[in-house]
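# how would this look folded up:
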Amino acid sequence: MRHLALQRGVDLATLHGTGTGGRITRADVEQAPPRSTARVRATPYARRLAHEMGIDLADVRGTGDGAAVRAADVYQAVKVRERPPSRVRDGEQRPHAAEAVDGRSPERPDTMRRAIAELMSRSKREIPHYYLSTTIDLTTVEDWLHRVNRGRSPAERLLPAALLLKAAATAAREVPDLNGFWQHDAFVPGTEVNLGVAVSLRQGGLLAPVIHQADTLSPDAVMTRLRDLVQRARRGRLRGTETTGATLTVTNLGDQGVESVFGVIHPPQVALVGFGAIVERPWAVNGMLGVRSVVTATLAADHRATDGAVGARYLTAVDRLLRTPEEL
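Below you'll find the predicted structure:
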């Protein structure tokens, strides 16, 4: 398929596959118009961003290895495109899209923020969102984690985030209508449960590296993958395969003290799951009032693909799974 695309001058990153799970078929490549950007060296994530932002890769100067275009170069191209025209005196040159502007680095947070805003604005315009939330008792989860982590070093300990992600992935397998893509006016189910995990970058902005087949991993494996992806995302060291293929995205703002988050769906996905901070609240169990650790789980979903009944089944599944963490 890649060889055919190269022969025809087609950029695979710009295609929406019509095959199972959004896979690109031979027919998709044959019917696509040729583009000169197919021969431009670029990371897969940069290609996807360029397509979503309407940036021609042929006009972007790459700053990566071998002059490959990186995501930061695309963000900078967006910024330069939106700058008002300025007068250029004789002998001066306008800065190239991938060069620093006003002495600022291509990784400036305002550049990434502008690109994210454009993508999310498009999502809100095109996707009819609906929102649901529920509060989940995590006392059993915390008790189980306390037992499991006893004797482990800090680097080996499981955090609640690993169980939240594992439950989100397993629930997506049980309620597959939320795991997939909206393409060509129809829902295309994902063949795997690949979780995109929203990661805030220290310089500002967000990335969503992907934990592939998250529903098949143990909580320890999810924890290992999560630590690794977060560290490398913040260093700009993610591989292309780790930024593509997400079938469902999870955002967790609990470490920021936020108790609930209602996110914006990342197209062509049809749902986004949010987890807030774990807090202590008065809670009644079997008619007895006490203080329990709870978390608010939220769901933003595409009303074209599902309705509130499906979303409610999903959040109920997440709640049920977290009541028996030893089975995750």
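
# May I have the residues that are in contact with Ala284?
For Ala284, the contact set (CB atoms under 8 Å, 6 or more residues apart in numbering) comprises Gly290. For glycine as for every other residue, the C-beta is placed from the backbone atoms N, C-alpha and C.

# Which of the three states applies to it?
strand (DSSP: H, G, I helix; E, B strand; the rest coil).

# What pLDDT does the model give it?
The per-residue pLDDT reported for Ala284 equals 93.

# can you pull up the bridge partners for it?
Per DSSP bridges, the residues bridged to Ala284 are Leu289.

# ranges for the helices of the chain?
2-8, 26-31, 44-53, 71-82, 109-126, 139-149, 160-174, 219-235, 308-322 (DSSP state H).

# how about a markdown table for those, with mean pLDDT added?
A markdown table is the format used below for those (pLDDT from 0 to 100):
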| stretch | mean pLDDT |
| --- | --- |
| helix 2-8 | 55 |
| helix 26-31 | 73 |
| helix 44-53 | 73 |
| helix 71-82 | 70 |
| helix 109-126 | 79 |
| helix 139-149 | 96 |
| helix 160-174 | 98 |
| helix 219-235 | 94 |
| helix 308-322 | 98 |
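
# Nearest to Gly62, out of the ones you listed?
Of all the helices of the chain, the one in closest proximity to Gly62, counting by CB to CB, is helix 71-82 (5.7 Å).

# Select, out of the helices of the chain, the one closest to Thr18.
Thr18 lies closest to helix 26-31 among the helices of the chain, at 5.7 Å (CB to CB).

# returning to that earlier point: figure out which of the helices of the chain is closest to Glu280.
Proximity to Glu280 (CB to CB) singles out helix 139-149 among those, at 9.7 Å.

# Which positions in stretch 43-60 come out as buried?
For stretch 43-60, burial by neighbour count (16 or more other CB atoms under 10 Å) applies to 43-53, 55, 57, 60.

# Tell me the one of these nearest Glu192?
Comparing these against Glu192 with CB to CB picks out Pro44 as the nearest, at 17.4 Å.

# Tell me how many other residues crowd the residue nearest to the closest one when sequence neighbours are not counted.
Spatial nearest neighbour of Pro44, chain neighbours left out: Gly240 (3.5 Å); criterion: CB to CB, 6 or more residues apart in numbering. Neighbour count of Gly240, defined by other CB atoms under 10 Å: 14.

# from memory Gly240 sits against Thr43, does it?
Yes: in this structure, Gly240 is within contact of Thr43 by CB atoms under 8 Å, at 5.2 Å.

# Any chance of CSV for the helices of the chain, columns distance to Val264?
Listed next are the helices of the chain as CSV, based on distance: least, CB to CB, whole Å:
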stretch, distance to Val264
helix 2-8, 31
helix 26-31, 27
helix 44-53, 14
helix 71-82, 18
helix 109-126, 5
helix 139-149, 28
helix 160-174, 17
helix 219-235, 19
helix 308-322, 16
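
# closest one to Gly263 among these?
Closest approach to Gly263 among the helices of the chain (CB to CB): helix 109-126, 9.3 Å.

# From Thr296, how far off is Ala42?
Distance, Ala42 to Thr296, by CB to CB, to the nearest Å: 39 Å.

# Who has more neighbours out of the two?
Ala42 (26 against 20).

# Contacts only, for the nearest residue to that one once chain neighbours are set aside.
What sits nearest to Ala42 in space, not counting adjacent residues and going by CB to CB, 6+ apart, is Val69, at 3.8 Å. Neighbouring residues of Val69 by CB under 8 Å, 6+ apart: 40-43, 46-47, 50, 57, 60-62, 98.

# Out of the residues you listed, flag the one nearest to Leu163.
For these, the nearest to Leu163 is Thr43 (31.8 Å; CB to CB).

# Would you agree the closest one is in contact with Asp65?
No: checked against CB under 8 Å, the pair Thr43 and Asp65 is beyond contact range at 9.8 Å.

# Let me see the domain layout of this protein.
Listed domain ranges for the chain are 2-118, 129-327 (source: automatic domain parsing).

# Now do Asp73: how many residues are near it, please.
For Asp73, the count of nearby residues is 28 (other CB under 10 Å).

# from what I can see it touches Leu57, true?
No: counting by CB under 8 Å, Asp73 sits too far from Leu57 to count as a contact (9.0 Å).

# Look up the residues that both of these two are in contact with.
Residues touching both Asp73 and Leu57 by CB under 8 Å, 6+ apart: Ala46.

# do you know how far the residue nearest to Ala42 is from Glu118?
For Val69, the distance to Glu118 - CB to CB - is 18 Å.

# Not including adjacent chain positions, what is the nearest residue to Ala300?
Nearest non-adjacent residue to Ala300, counting by CB to CB, 6+ apart: Leu272, 4.6 Å away.

# ugh, typo on my part, it should be Leu178
Ala271 (4.2 Å).

# Same check on Pro219?
Closest to Pro219 by CB to CB, 6+ apart is Ala162, at 4.7 Å.
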